[in-house]
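K.L.:
after the sequence you'll find the predicted model.
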Amino acid sequence: MRLALYEPDIAPNAGAMMRLCACLGVAMDVIEPCGFVLNDRKLRRAGMDYLDRLDLSRHDSWDAYWGQGRSGRVILLTTKAEQVYTAFEFKPTDTLLMGRETAGVPDAVHDAVDARVRIPIAPEMRSLNVALAAAMVLGEALRQTGGFSSER
């Protein structure tokens, strides 16, 4: 299981997701460019001392990420998806892709991924915070695939 961030633009959110991945033993991909310097002080503050334990891969662009060859599916979290994440069957080799906080992902990325899922929210609401959404869906994906170790 992996978590990928598409051109993240808010350092504290990226830091929170990095901390999430470090704590859960999930590898992370950051698809650049970022809207902040990746070693930004705010990012380090949000990730605290957990960042040293993070399995992090950086990619210069979507094309560089997509062209590297993957061993599993890329699942996009998007408010535009029909499929609710709790009804989706995750696999241990999936990568969950989070879009930019301010703009999501472009149509080309949306069309390229293997599947799209959404979190059902109240109709009058736009979306959840990206780090909170990542935690919810990653938690469900790990639960389904036995990714939580009882020995930790």
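P.N.:
Received it, and whenever you're ready, just let me know what you need.
K.L.:
what's in contact with the helix ranked longest in the chain?
P.N.:
The longest helix of the chain (DSSP state H) is helix 130-145. Around helix 130-145, the neighbours that count as contacts under Cβ atoms under 8 Å, 6 or more residues apart in numbering are 1, 3, 8, 10, 13, 16-17, 20, 24, 26, 77, 85-86, 89-92, 94, 96, 98-99, 101, 117, 119, 127-128, 147-148. Just so you know, the C-beta spots here come from the backbone N, C-alpha and C atoms, and that holds for glycine as well.
K.L.:
lowest-pLDDT helix or strand in this structure?
P.N.:
Of the helices and strands making up the chain, the lowest-confidence element is helix 41-47, at a mean of 58, by mean pLDDT, DSSP states H and E.
K.L.:
next structured bit after that one?
P.N.:
strand 56-59 (DSSP states H and E).
K.L.:
now what about the helix or strand following that following strand, what contacts it?
P.N.:
Per DSSP H and E, the first helix or strand lying C-terminal to strand 56-59 is helix 62-66. Outside of helix 62-66, the residues within contact range by Cβ under 8 Å, 6+ apart are 4, 6, 29, 31, 59, 108-109, 112.
K.L.:
now render those as JSON lines, adding secondary structure, neighbour count and distance to residue 66.
P.N.:
Output for these, formatted as JSON lines (DSSP: H, G, I helix; E, B strand; the rest coil; neighbours: other Cβ atoms under 10 Å; distance: Cβ to Cβ, whole Å):
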{"residue": "4", "secondary structure": "strand", "neighbour count": "22", "distance to residue 66": "10"}
{"residue": "6", "secondary structure": "strand", "neighbour count": "22", "distance to residue 66": "11"}
{"residue": "29", "secondary structure": "strand", "neighbour count": "21", "distance to residue 66": "11"}
{"residue": "31", "secondary structure": "strand", "neighbour count": "25", "distance to residue 66": "9"}
{"residue": "59", "secondary structure": "strand", "neighbour count": "17", "distance to residue 66": "9"}
{"residue": "108", "secondary structure": "helix", "neighbour count": "10", "distance to residue 66": "10"}
{"residue": "109", "secondary structure": "helix", "neighbour count": "20", "distance to residue 66": "8"}
{"residue": "112", "secondary structure": "helix", "neighbour count": "14", "distance to residue 66": "6"}
